[in-house]
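1. How does the following fold in three dimensions:
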Amino acid sequence: MGRSTLFTTLVLCVLAVHCSADGVFWHVTDFHYDFTYLDGAENGTICDSQTAGQPTPNDPGEWGDYICDAPWRLINDTVYAMKAIQPNPDFIIWTGDDTPHIYNDKMNTDVVLTIIGNLTDLLRSVFPNTQVYPVFGNHDYHPKHQMPPAPNTVYNATWNMWNVPSWLPSDVMNTFVNGAYYTVLISPGLRLVGLNTVYYYTNDKVTAPTDDNTDPAGQFAWLEGVLQQAQTDNEKVFLIGHVPPGFFERSKGKSWFYPEYNRRYLQIVARYADVIKGQFFAHQHLDSFRLFYDDQGRAVNSMLLAPAVTPWMTTLGGVGANNPGIRLVSYDKTTGDLTDVNQYYSNLALANMQGSPLWGHEYSLKQAFNLPDASPASLQNLLDSFSNSSSDNFEKYYLYNSVSHDRSTCEGDCKVAQLCAIKEVDYDKYQECIDAPSSGANVARVSMFIPFVVAAFALAA
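-> Numbering: from 1, shown residues only. Predicted structure coming up:
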């Protein structure tokens, strides 16, 4: 595709988004900048983040490789692609994991802060007048994952980077420097809550639950207070974080939160489901979603998991790599309701062949799956369709799950793991779903909503 064709495609995508929603914002995540790519890696590898057991390519690409984290060339182009596609978003959410997947002995606090600073400068220079709401990932600390629920050098130094007029306001300093979480009012009636869910991650041994440690940094109690006040003030809320609750759909039985923290998080979401209008998380590098239910089995809340910029192939068996992705979310500014998700991506293999990432439109949630919007009810209808043999929705979803990189089929245990992870964020119910006879056929809950079918036009990509 020529650059003029690409520009036309991007303009069409922007116009389509503006025609379909009142507001839009970018969600970008998991840059995982590997400063050693093709320059500084050791032991004959092409990068220090090289996936264990994978041979070094004879001809690694200038834009990156699926066994490595992202080089700066790819990261820089990604942010400029965001600018070309939608230069005036209402805001940007940036959900962490900035440093590469390399051993702690090759990292230190200064390196972590330098990388966070580099990415901060890039986003600020490309989007100088745009509000950016960042949160930490588990790789945004040294040693990685071991994020303490107390003030420290990283929190203080990063606060000094992010406390600017178009980013975090001074009135959130107390919660940020003490626990790296905060809340801000996006617009009248719509609030954003930035969470530090690294505290709940099973790899964070500093915050493991004990009799004396049930709420790291007091974040759960604070969150309940914020949501209660939002309910009183008739505000709606977006929650953003890095590590999600529940299970990894491509690694059966792999959970992220300590069980006690997973349970507490679900209790809070259930209690304030009418207040929470969207949950936006990351960490898995792949494209998926989660549903949350009331006591009657109705989908009352959802979580959107955004794919990564890094193409890195995880060391978890059978998971694989992904193409770099960025996400534009459409929402109603008055109600906070989510109206669509437009996913953009770069085919990394093709980019290396052609000498340019050539970012294109991967899909619109509404158009790809004939949904009226991106509400929990619509996502429930989508999940129901995954068990319908006459629908190709699951095949499309599974392709998008890897950002159009993995073109294999997913059947049997693979499909069961995918569907149970979407449906059951609760640990006990997830296991029941996995163990249930013919669970792949029975996983979808009975929907209490009738989906609307809307006409859609295809966008060239």
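
2. quick one: the strands in the stretch 201-350 of the chain?
-> In the stretch 201-350 of the chain, the strands defined using DSSP state E, counting those that start in this stretch lie at 236-240, 276-281, 288-293, 299-305, 325-331, 338-345.

3. how far is the first one from where the chain is centred?
-> Meaning strand 236-240. 14 Å (CA atoms, centre = their mean, to the nearest Å).

4. so where is the stretch 301-450 of the chain shaky, pLDDT-wise?
-> Filtered on pLDDT under 70, the stretch 301-450 of the chain yields the residue ranges 438-450.

5. I'd like the strands of the stretch 201-350 of the chain laid out as a markdown table, including distance to Thr51 and mean neighbour count.
-> Quick note: C-beta positions are derived from backbone N, CA and C, even for glycine. Formatted as a markdown table, the strands of the stretch 201-350 of the chain follow (distance: least, CB to CB, whole Å; neighbours: other CB atoms under 10 Å):
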| stretch | distance to Thr51 | mean neighbour count |
| --- | --- | --- |
| strand 236-240 | 28 | 23 |
| strand 276-281 | 23 | 24 |
| strand 288-293 | 21 | 22 |
| strand 299-305 | 21 | 23 |
| strand 325-331 | 19 | 26 |
| strand 338-345 | 20 | 24 |
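
6. Ala230: which of those is closest?
-> strand 236-240 (5.2 Å; CB to CB).

7. would you turn the strands of the stretch 201-350 of the chain into JSON lines with distance to His27?
-> Compiled in JSON lines, the strands of the stretch 201-350 of the chain are given as follows (distance: least, CB to CB, whole Å):
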{"stretch": "strand 236-240", "distance to His27": "8"}
{"stretch": "strand 276-281", "distance to His27": "6"}
{"stretch": "strand 288-293", "distance to His27": "13"}
{"stretch": "strand 299-305", "distance to His27": "8"}
{"stretch": "strand 325-331", "distance to His27": "4"}
{"stretch": "strand 338-345", "distance to His27": "9"}
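
8. So which of those strands is nearest Thr153?
-> strand 236-240 (23.6 Å).

9. Can you check what angle separates that closest one from strand 325-331?
-> Orientation check (axes from the mean of the first three to the mean of the last three CA atoms, to 10 degrees): strand 236-240 against strand 325-331 gives 170 degrees.

10. and strand 236-240, what does it pack onto?
-> strand 190-194, helix 219-232, strand 276-281 (3 or more CB pairs under 8 Å, 6 or more residues apart in numbering; DSSP states H and E).

11. Per-residue pLDDT of Ser166, please?
-> Listed pLDDT for Ser166 reads 87.

12. Also the one 10 residues further on?
-> Among the per-residue scores, Phe176 holds a pLDDT of 98.

13. any idea which element it lies in?
-> helix 173-179 (DSSP states H and E).

14. Residues contacting that helix, please?
-> 149-151, 155-156, 159, 162-163, 168, 181-183, 196, 199, 216-219, 222 (CB atoms under 8 Å, 6 or more residues apart in numbering).

15. swap in stretch 109-118?
-> Residues from elsewhere that reach stretch 109-118, judged by CB under 8 Å, 6+ apart: 33, 35, 72, 98-99, 140-142, 153-154, 157-158, 161.

16. Please identify which two of those are farthest apart in space.
-> Pairwise across the contacts of stretch 109-118, and taking CB to CB, the largest span is found between Trp72 and Thr153, at 24.4 Å.

17. mind listing the strands for the stretch 51-200 of the chain?
-> 91-94, 131-134, 182-187, 190-194.

18. Select only the buried ones of the contacts of helix 173-179 in ChimeraX?
-> Restricted to buried positions by 16 or more other CB atoms under 10 Å, the ChimeraX selection for the contacts of helix 173-179 reads:
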select :149,155,159,162,168,181,182,183,196,199,216,217,219,222
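
19. okay but Cys47 is in contact with Asp39, surely?
-> No - with contact defined as CB atoms under 8 Å, Cys47 does not count as touching Asp39 (9.3 Å).

20. shaky segments in the stretch 51-200 of the chain?
-> The low-confidence ranges in the stretch 51-200 of the chain, as defined by pLDDT under 70, are absent entirely.

21. can you give me the helices for it?
-> For the stretch 51-200 of the chain, applying DSSP state H, counting those that start in this stretch gives helices covering 72-85, 109-126, 153-162, 173-179.

22. Just the buried residues of the shortest one, please?
-> By neighbour count with 16+ other CB under 10 Å, helix 173-179 contains the buried residues Thr175, Phe176, Val177, Asn178, Gly179.
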